[in-house]
Each structure stands twice: as structure tokens, then as C-alpha cells.
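Participant: I would like to see how this sequence folds:
(chains A, B, C and D)
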There are 2 protein chains.
Amino acid sequence: MTIKMDQKKQKLFEARAKIIKAMAHPTRLFIVDELSKGEKCVCEITGMIDADISTVSKHLSVLKASGIIQDEKRGSQVYYKLKCSCILGFFNCVENVIKTTANDHKKLIR
Amino acid sequence: MTIKMDQKKQKLFEARAKIIKAMAHPTRLFIVDELSKGEKCVCEITGMIDADISTVSKHLSVLKASGIIQDEKRGSQVYYKLKCSCILGFFNCVENVIKTTANDHKKLIR
DNA sequence: ACAACATTTGGCGATTTTGCCAAATGATCA
DNA sequence: TGATCATTTGGCAAAATCGCCAAATGTTGT
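Facilitator: Prediction:
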């Protein structure tokens, strides 16, 4: 019900938003950043995050449902890894936006 | 209170998440996509979206607050445009994730 | 089978986001 | 000045998200 005319277009943007939404949380962003260095099991990830294990698990399932990461069970542990390394391009651009904003603030002060 | 040890790291990921969060909505994604083709005034944008004008205006202000877009008033109209074209890299990657997921589903069916 | 470990799921209150309406603000023009 | 157009802001109810606890599930080793 948001974008006019085209039903398909609407669905397309919803699908895209779901993926971006999956990254739209500090903890999940941190997880993606860590996984970009290589696969990790849940216990390694929870060791780095100050939240309940169940909370971390839910963050992981959001990322998995979006198709950004994938899991693999080995013994009693579950290992997660990125499915698309292009995700890292996000960070570069985000950093760019942060820098630009910081620069604009400086200009205002000058 | 999410990522262990480092206070600065925490703030960094929060700042990044804020920017990604700004894109994490179908309507806002649509707006960014449209603005990637060139600047547009609010009335042009609202003409393409089936929602209250005030709703669109609020979406625009979220994008503006995140530093992704900027506005410029000309006469009685306000024109918006992207601040960083790298934002478009997001779409490519998102499309990639969607395709990969679709492929995985096909494999399951086969 | 039982205890211990790793992870996920259910549920629930607290917080945040969303979207509409109505009202306010600002610019243009008669 | 008053009317009208363009846009933003305030407020509020509905919906979605977040994070904890407790409980369930699955695995390993005894």
C-alpha cells in the first residue's frame, strides 16, 4: 500500500527492505563485521557480545532469514558465515556517509 | 550495552546502524532509488507514493537526519537529493542476496 | 539413561517505529 | 491582507522490534 501503481514494484522494495532491515541493528552489524573475517560458532560470537545468549541467537536467526548469512551444524555447535562478501561494501559507504556528515558539521562551526 | 569491552566500538556500530536503519523501509528505499536518478521535490515524490504527504515528509526527514540525503528550498518547494552516490552499491548487493536466496530455493526443489 | 553443554524457541513487557489526521509554518500571488 | 499551495510538526493509536527469562531441543561423554 505504499508505492503507487505497481504491485510487483511494491513487493520488490519490500524484499530489499527486509535484507537491509536485517542489518539495521548495532549488534547484527557487529556480527556481520565479525563474520566477514571468517566463520564463527555461536559460542564465539556470544563471547564477544554483552547480551543474553538467546538474544544473540535471535539476531543470528534474523540475519539467516534475510539470506545474508548461513549456518552449518558441526557436532553440538553451529557455525555461521557470510553468504555474500559484497555486504562489506555497505560498511565502506556507511563510513563515507559518517565522514561527510562530520565534515558538514565542521563547516557549520567554521 | 551490547558489544563487550569497547565503549567506542559500541558507539561506532550504533552510528553505522542509524544510517542503515534509515534505509530499512520499503518507502524510504524507493525514495533513495528515485533520488539516485536525480533530485526531486517533495511533491514529485509524494506523487509516486500512495501514503499521506505527512508520512512521506517524515520518511524524508529520517533519511535527511541520517545524512544520506540533503534538501534545498527553492521558492515554496523543497528539493531533495542523494549526498553519497555509493548508496547505490547497496542495491547491487541486495539484489545479489535476493538472487542467491532464490537459487538456494531452486536447489531444494530439484 | 543421565548429566552437561550448545543453541533455539516461546512468551511477555518495554521501547521504537509507522502512518494518519489536524494544525502550524512558509512562500506566492491576487 | 487574505487565499492558496507546499511542506513540516504534534499527537496518538496500531504494529513491529528488542531483550530477558524460562523451557525445549539436540549433542556429547559417562
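Participant: quick one: the strands in chain A, in order.
Facilitator: Per DSSP state E, chain A carries strands over the ranges A:40-41, A:69-74, A:77-82.
Participant: let me have these in JSON lines, extended by mean neighbour count.
Facilitator: Heads up, the C-betas are built off the backbone N, CA and C, glycines and all. As requested, those are arranged in JSON lines below (neighbours: other CB atoms under 10 Å in any protein chain shown):
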{"stretch": "strand A:40-41", "mean neighbour count": "18"}
{"stretch": "strand A:69-74", "mean neighbour count": "14"}
{"stretch": "strand A:77-82", "mean neighbour count": "16"}
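Participant: now those as TSV including mean pLDDT?
Facilitator: Formatted as TSV, those follow (pLDDT from 0 to 100):
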stretch	mean pLDDT
strand A:40-41	98
strand A:69-74	98
strand A:77-82	98
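Participant: residues touching the residue sitting nearest the centre point of chain A, list them.
Facilitator: Residue closest to the average C-alpha location in chain A (CA atoms, centre = their mean): residue A:23, at 2.7 Å. Listed by CB atoms under 8 Å, 6 or more residues apart in numbering or on different chains, the contact partners of residue A:23 are A:29, A:32, A:63, A:66, A:68, A:87, A:90, B:17, B:20, B:24.
Participant: for residue A:38, see how far away it is.
Facilitator: 19 Å (CB to CB, to the nearest Å).
Participant: tell me how many other residues crowd residue A:53.
Facilitator: For residue A:53, the count of nearby residues is 13 (other CB atoms under 10 Å in any protein chain shown).
Participant: over to residue A:52?
Facilitator: 10.
Participant: select from the contacts of residue A:23 every entry located in helices.
Facilitator: Those of the contacts of residue A:23 mapping onto helices are A:29, A:32, A:63, A:66, A:90, B:17, B:20, per DSSP state H.
Participant: quick one: least confident of those residues?
Facilitator: Among the ones in helices among the contacts of residue A:23, residue A:90 carries the lowest pLDDT, at 85.
Participant: these two touch, right, that one and residue B:24?
Facilitator: No. Using CB atoms under 8 Å, residue A:90 is not in contact with residue B:24, being 11.9 Å away.
Participant: neighbour count winner among these two?
Facilitator: residue A:90 (24 against 21).
Participant: do you know how far that one is from chain B?
Facilitator: 6 Å (CB to the nearest CB, to the nearest Å).
Participant: enumerate the residues of chain A near DNA strand D.
Facilitator: Contact residues (CB under 7 Å from any atom of the strand) of chain A with DNA strand D: A:21, A:24-25, A:27, A:51-52, A:54-55, A:58-59, A:62, A:73, A:75-76.
Participant: top of the residues you listed by neighbour count?
Facilitator: residue A:27 (23 neighbours).
Participant: kind regards, and thank you for your time.
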